[in-house]
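Peer 1: What follows is a predicted protein model with its sequence.
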Amino acid sequence: MLYLSTHKGKEHICIMFNLILFGPPGSGKGTQSERLISKYGLKHLSTGDLLRNEIAGQSPLGLAAKSFMDKGQLVPDEVVIEMISSALDNNPQANGFLFDGFPRTNAQAEELDKLLHQKGTSIALVLALQVSEQELIKRLLKRGLTSGRPDDVDEEVIRNRIVEYEKKTAAVADHYNKYEKVVYVKGEGNIDEIFDSLSKEIDVRNRA
Ligand code: B4P
């Protein structure tokens, strides 16, 4: 289990381990998150999945988000921040969270820091997957053949998602770099090997 514990008299203090899996669209965040949550017992919070659930349920939030997502644009900050805030409140027993696809702007990062601070915790580590643009486009077009996701079918929409990433999301790494929390990991190649690299980075910090 991935939390630090110490004994203070009879008291058992648990420190949450919160992780951000960071990277451009198609870099393997969703793929690697599935494995990491199962290995480390973290609660998975993917804003992409949460938004797609809202769309499937045809909620007003989902209908509003769909118009942005179908064009490859980011959904407005207030919407995703509210979703994450509720998800944090709804999981008081979690040993730690794995944030996948969130934060995607500096405003989201600052808000996340505040929400975690209110709960007496913080981000321990940001693992940033590095993948070339050519490989991202290849992967997403391939997923589009079977995923049923409208944002994976059209190459222009995929390119727009990458532009949004460069314009608005890449700077989130700078935000966490200020606190020396970012580790870059090669995201190309064998999925198991990438998982091993990510696990090593977590294990080093969990032993500290
Ligand atoms: P997300 O659902 O977060 O999706 P993503 O970035 O496209 O995918 P991800 O990175 O998880 O995909 P993966 O590599 O696992 O976002 C979708 C949209 O939701 C955004 O465009 C935005 O509109 C909105 N949104 C979400 N969060 C938001 C936020 N915080 N703020 C505002 N808007 C938000 O998978 C890609 C493919 O690669 C898969 O088919 C996989 O099998 C394959 N793959 C993975 N690893 C591989 C490897 N090593 N080799 C070969 N293929 C690999």
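Peer 2: Sure, I can see it. None of these values were measured; they are calculated from a predicted model. Residues are numbered from 1 along each chain as shown.

Peer 1: Report the secondary structure element holding the residue in the chain positioned nearest to the ligand.
Peer 2: Of all residues in the chain, the one sitting closest to the ligand is G48 (1.8 Å; C-beta to the nearest ligand atom). In short, each C-beta sits where N, CA and C put it, glycine included. Assigned by DSSP states H and E, G48 belongs to helix 47-56.

Peer 1: who's in contact with stretch 173-181?
Peer 2: Contacting residues not belonging to stretch 173-181 are listed as 20, 22, 106, 109-110, 123-126, 128, 182 [C-beta atoms under 8 Å, 6 or more residues apart in numbering].

Peer 1: Near the ligand, list only the ones from those residues.
Peer 2: Among those, no residue lies close to the ligand (C-beta under 6 Å from any ligand atom).

Peer 1: List only buried entries from these.
Peer 2: 20, 22, 109, 123-126, 128, 182 (16 or more other C-beta atoms under 10 Å).

Peer 1: So which of the residues you listed are in strands?
Peer 2: Using DSSP state E, the subset of those located in strands is 20, 22, 123-126, 128, 182.

Peer 1: Any chance of CSV for these, columns distance to A171?
Peer 2: As requested, these are exported to CSV (distance: C-beta to C-beta, whole Å):
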residue, distance to A171
I20, 14
F22, 11
I123, 16
A124, 21
L125, 18
V126, 13
A128, 12
V182, 12
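
Peer 1: now these in TSV, with pLDDT?
Peer 2: As requested, these are arranged in TSV below (pLDDT from 0 to 100):
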residue	pLDDT
I20	98
F22	98
I123	97
A124	96
L125	97
V126	98
A128	98
V182	98
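
Peer 1: so where's this protein uncertain?
Peer 2: Scanning the chain with the threshold set as pLDDT under 70 gives 1-14, 207-208.

Peer 1: And the strands in it?
Peer 2: According to DSSP E, the strands that the chain contains are 4-8, 11-15, 18-22, 43-46, 97-100, 123-130, 182-186.

Peer 1: what's the closest of those strands to T169?
Peer 2: T169 lies closest, by C-beta to C-beta, to one member of the strands of the chain: strand 18-22, at 8.3 Å.

Peer 1: From the contact counts, what lies against that closest one?
Peer 2: Contacts defined by 3 or more C-beta pairs under 8 Å, 6 or more residues apart in numbering; DSSP states H and E place strand 18-22 against helix 29-40, strand 97-100, strand 123-130, helix 171-177.

Peer 1: I appreciate the help and will end here.
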